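# model the following, please.
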Amino acid sequence: MISVLAQERLLGAALGCAFTGIVVFEERKSIYRSISDPHSPIRTQSQIKEPIFGKKYRSECAHLWNKAVDQTFRPMIEALSSRGW
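Below is the predicted model of the structure:
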């Protein structure tokens, strides 16, 4: 029987993979759409579409990710540190 902690980790991994897949798919779709029309005029800076997630969101997401990783692996790091690794 899988423990609750293992189930939470598997769920987190599955959701992370799904989220990453969606973002990669949308970015690729945007890239292919931008290069598929050879007769389109050169795009100016004002015509370039904003990414799916803005810069502020990406930086906040990275901060939360780093915080979660720190909290998850803190016991392992402390154990290794206490052994002199």
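
# on the three-state scheme, residue 34 is what?
For residue 34, the assignment made with DSSP: H, G, I helix; E, B strand; the rest coil gives helix.

# what's the spacing between the residue nearest the centre of the chain and residue 75?
Nearest to the mean C-alpha position of the chain, by Cα atoms, centre = their mean, lies residue 20 at 5.5 Å. Per Cβ to Cβ, to the nearest Å, residue 20 is found 26 Å from residue 75. Any C-beta I mention is one placed from the backbone N, CA and C, and that applies to glycine too.

# check residue 82 too.
11 Å.

# tell me where this structure has helices.
Taking DSSP state H as the test, the helices found in the chain are 4-36, 55-82.

# in CSV, list the ones you listed along with mean pLDDT.
Putting the helices of the chain into CSV (pLDDT from 0 to 100) gives the following:
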stretch, mean pLDDT
helix 4-36, 87
helix 55-82, 86
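
# and for residue 30, the neighbour number?
Using other Cβ atoms under 10 Å, residue 30 has 13 other residues around it.

# actually residue 23, not the one I typed
13.

# cool, and residue 26?
Around residue 26 there are 13 other residues, counting by other Cβ under 10 Å.

# domain assignment for the chain?
What automatic domain parsing lists as the domains of the chain is 1-49, 53-85.
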